[in-house]
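Enquirer: Would you be able to build a 3D model of this:
(one chain, ligands or ions: 1)
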Amino acid sequence: MPAKIPATVVTGFLGAGKTTLIRHLLENAKGKRIALVINEFGDLGVDGGILKGCGIENCRDEDVVELSNGCICCTVADDFIPTMEKLLDRDEPVDHIVIETSGLALPQPLIRAFNWPGISTRVTVDGVVTVVDGKAVAEGRFAHDVAAVDAQRAADDGLDHETPLSELFEDQIAAADMIVVNKTDLLEPAEAEALAARLKAEAREGVQVVRATMGALPVEVLLGQGAAAEADMEARHEVHHHHDHDDEDDDHHDAAHHHGHDEFESFVVTRPEVSDPKAFTAQVAEVIRAHDILRLKGFVAVAGKPMRLTLQAVGPRVDTHFDRPFGSDPRETRLVVIGEAGLDRAAIEAALAA
Ligand SMILES: Nc1nc2c(ncn2[C@@H]2O[C@H](COP(=O)(O)OP(=O)(O)OP(=O)(O)O)[C@@H](O)[C@H]2O)c(=O)[nH]1
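Expert: As a prediction, the model looks like this:
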């Protein structure tokens, strides 16, 4: 039987730097043929848009596959498995598969999917790489205190003291083989070191914690971990208490807390060309602040410029750069807005159109 194809799962909270890390990996793949599978939150396909046509030599458009919008634990049978099978059935096999999970997805259901008959004999999870926004976590935005939570749980089993965001973060840490403390350029060296030490203490035994800027890590560090993560799911248990009840309580499968993604929503805002990109960026920053938007990203059409302006905002920080000509895509501004459920869509649309 041929050796299993290794797959690396890249997970991490919204805007932590997953796409940036993958881009760096592709640019430095040293001839390795890598296929990408992308599971995005929001229906705009920004990450696919950034990675497709990225101009990187050994990254061909057909090597980038986007999964339909939605969480993998719901779509595994009709979307994820067929996508993987198609990839594995190619005449020219790839050397490695990299899967970018949605920044709001639990990694565990995806890893578990590798045990499905049909693919379990052909592919293995080489490693789960959890990318952390070092700046955000150091500022305590997704901070959590595992010891305190455990103490609360011990005191009252029926209570859920966690917010969805911190649960998600803990699940991503629990699933990791490697934790990348990214955005260290925004931290003092001592802060980055302290954060790395803290995450190491919270992670499973033996998990590597590395620091990075713009996800720049050698391919040898990221790939080839040989973890076979799908085979030791018990060690990577979800923090979410609801998964403990899955067997006895299947009726509640649709309840929001079962998935951890219904607490979030996203929509796309479309605008015509923008004449003053600086002013528009400031406007975006203001809207983010006013509406507690978690993540906003997409492409801006700037009057008189043939290139699209990529706009990326993580919390209050907005980055922009021109990436490539619009090509056959419509010349318009399209932004995906992601936040916790209850976003005031009409007000956000109005504010972005002002
Ligand atoms: N200063 C700084 N910015 C970074 C770094 N890494 C990524 N970024 C920026 O952070 C923003 C988000 O990066 P992405 O790579 O798109 O993050 P992501 O995790 O793929 O985001 P989602 O797909 O929305 O979950 C972009 O504007 C990046 O340029 C870093 O190390 N330092």
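Enquirer: So which bits of the stretch 201-350 of the chain are right by the ligand?
Expert: 213-215, 295, 297, 312, 314, 319 (CB under 6 Å from any ligand atom). Backbone N, C-alpha and C define where each C-beta goes, glycine included.
Enquirer: what about Arg122, distance to Phe80?
Expert: 14 Å (CB to CB, to the nearest Å).
Enquirer: ok, these two, which is more surrounded?
Expert: Between Arg122 and Phe80, counted using other CB atoms under 10 Å, the more crowded position is Phe80 (25 against 18).
Enquirer: which residue ranges form the strands in the chain?
Expert: For the chain, the strands defined by DSSP state E cover 5-12, 34-38, 64-66, 96-100, 123-133, 178-182, 208-211, 264-271, 295-301, 307-314, 317-325, 333-340.
Enquirer: quick one: is the second one near the ligand?
Expert: No. On the criterion CB under 6 Å from any ligand atom, strand 34-38 is out of touch with the ligand, staying 8.5 Å away.
Enquirer: Give the residue spans of this protein that score low on pLDDT.
Expert: 1-2, 41-61, 68-74, 142-165, 238-263 (pLDDT under 70).
Enquirer: is it true that Pro316 touches Ile288?
Expert: Yes. Contact criterion CB atoms under 8 Å: Pro316 and Ile288 qualify, at 6.0 Å.
Enquirer: Looking at these two, which has the bigger crowd around it?
Expert: Taking other CB under 10 Å, Pro316 and Ile288 do not tie; Ile288 has more neighbours (23 against 10).
Enquirer: That one and Val318 touch, don't they?
Expert: Yes. Between Ile288 and Val318 there is a contact at 7.5 Å, judged by CB under 8 Å.
Enquirer: any residues in contact with both of the two?
Expert: Leu296 (CB atoms under 8 Å, 6 or more residues apart in numbering).
Enquirer: Just give me the neighbour total for the residue lying closest to His237 once chain neighbours are set aside.
Expert: Leaving out its chain neighbours, the residue that sits closest to His237 by CB to CB, 6 or more residues apart in numbering is Ala174, at 6.4 Å. Neighbours of Ala174 under the rule other CB under 10 Å: 22.
Enquirer: same deal with His291?
Expert: Applying other CB under 10 Å, I find that His291 has 17 neighbouring residues.
Enquirer: what's near enough to touch the nearest residue to Ala197 once chain neighbours are set aside?
Expert: In this structure, Ala197 finds its nearest non-sequential neighbour in Val209, 8.0 Å apart by CB to CB, 6+ apart. The neighbours of Val209, taking CB under 8 Å, 6+ apart as the test, are 178-179, 181, 196-197, 199-200, 203.
Enquirer: show me what contacts Thr20?
Expert: 182, 214-215.
Enquirer: Compare the residues of the stretch 201-350 of the chain next to the ligand and tell me which has the most neighbours.
Expert: These, ranked by neighbours (other CB under 10 Å): first place Lys297, 26 neighbours.
Enquirer: who does the residue of the stretch 251-354 of the chain found nearest the ligand bridge with?
Expert: Per CB to the nearest ligand atom, the residue of the stretch 251-354 of the chain with the smallest distance to the ligand is Gln312, at 3.2 Å. Beta-bridge pairing of Gln312 under DSSP bridges involves Lys297, Asp319.
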